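[1] Got a sequence here, can you build the structure:
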Amino acid sequence: MHGKPESVDTRGNQDDTHEAETSQFHSGSLCSVCSICEHCSDRCGKCPCEEGDMSDHCGQCQECSTCYLCPILCDTVCTPGGFVDEMTGSIFQTVASFL
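    As a prediction, this is how the structure comes out:
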């Protein structure tokens, strides 16, 4: 009993980790746009919607205009808690406090 390691179920942890990463960006950070990047490939391929189309993805098509930023920001300089994330989030919070 003592030498046998416990079985640990790791299925599904990848999705949880990815969600945690995208939700950990500093409030107001330029990097927060990365939270919508995961939907660019599955939703935005179906956009733009024709007039009167009430499909679920049509309400999200406006966000697709920022998908070009994903490889530029999210795959290079934006990491949760990283320099760009902290700096742009801090600037946003400072400006917001004066308004």
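
[2] C-alpha only now, for contacts and for neighbours.
    Will do.

[3] can you give me the strands for this structure?
    Ranges of strands within the chain: none, based on DSSP state E.

[4] in it, which residue is closest to the centre?
    Centroid-nearest residue in the chain, with CA atoms, centre = their mean: residue 35, separated by 1.4 Å.

[5] so how far is residue 70 from that one?
    As judged by CA to CA, to the nearest Å, residue 35 and residue 70 stand 10 Å apart.

[6] With residue 81 instead?
    According to CA to CA, residue 81 and residue 70 sit 17 Å apart.

[7] Kindly report the same for residue 45.
    The gap separating residue 45 from residue 70 is 15 Å, by CA to CA.

[8] out of those two, which sits in the more crowded spot?
    Set residue 45 next to residue 70 and count neighbours by other CA atoms under 10 Å: residue 70 wins out with 19 against 12.

[9] need the contact list for residue 86.
    Contact partners of residue 86, counting by CA atoms under 8 Å, 6 or more residues apart in numbering, are 26, 29.

[10] Got the phi and psi for residue 25?
    phi -70, psi 150 (degrees, to the nearest 10).

[11] Lovely, talk soon.
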